[in-house]
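In: Curious how this folds, go ahead:
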Amino acid sequence: MEFAKTKDILWVMHVLGHKNIKNTLIYMHLADFSSEEYYSAIAKTIDEARKLIESGFSFVCDMYGVKLFSKRK
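Out: This next block holds a predicted model:
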């Protein structure tokens with residue numbers, strides 16, 4: 001799931017404590033990427049943005065004066 005969030009295999013290797021990328025790749029088949037469904041949310045203030053980030057949302061972009069966030073379902 002960390003790879004689904006970050007799309008960074010080297011970060012996943014680090015998080016799992018693997019010394020060899022081959023060990024990390026062994027587990028990639030366990031991740032289910034078939035669902036591309038996301039929850040979305042907006043934040044108008046810094047406090048709203050902080051709360052979204054703390055609950056697992058990732059920043060996407062700024063648009064029309066609000067910040068857009070998403071989180072995998």
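In: what domains does the record give for the protein?
Out: What automatic domain parsing lists as the domains of the chain is 1-34, 37-73.
In: Let me see the ranges of the strands in this protein.
Out: Chain-ordered strands for the chain, with DSSP state E as the definition, fall at 38-43, 58-63, 66-72.
In: Pick the most buried one from the ones you listed.
Out: Of all the strands of the chain, strand 66-72 carries the top mean neighbour count, a mean of 17, counting by mean count of other Cβ atoms under 10 Å. C-beta coordinates here come from the backbone N, C-alpha and C atoms, glycine included.
In: With adjacent residues omitted, what lies nearest to Val15?
Out: In this structure, Val15 finds its nearest non-sequential neighbour in Glu2, 5.6 Å apart by Cβ to Cβ, 6 or more residues apart in numbering.
In: typo on my end, Leu68
Out: Spatial nearest neighbour of Leu68, excluding adjacent residues (Cβ to Cβ, 6+ apart): Val60 at 4.4 Å.
In: ditto for Ser55
Out: Lys71 (7.7 Å).
In: Counting neighbours, what do you get for Phe57?
Out: When counting by other Cβ atoms under 10 Å, one arrives at 21 neighbours for Phe57.
In: wait, isn't it in contact with Phe69?
Out: Yes. Contact criterion Cβ atoms under 8 Å: Phe57 and Phe69 qualify, at 3.8 Å.
In: shared neighbours, the two?
Out: The contact sets of Phe57 and Phe69 overlap at Ala41 (Cβ atoms under 8 Å, 6 or more residues apart in numbering).
In: ok, back up a step: and the residue nearest to Ser55, what are its bridge partners?
Out: With DSSP bridges as the criterion, Lys71 is bridged to Tyr39.
In: Looks like the residue nearest to Leu68 contacts Val66 (just checking).
Out: No. Assessed by Cβ under 8 Å, Val60 is found out of contact with Val66, at 10.9 Å.
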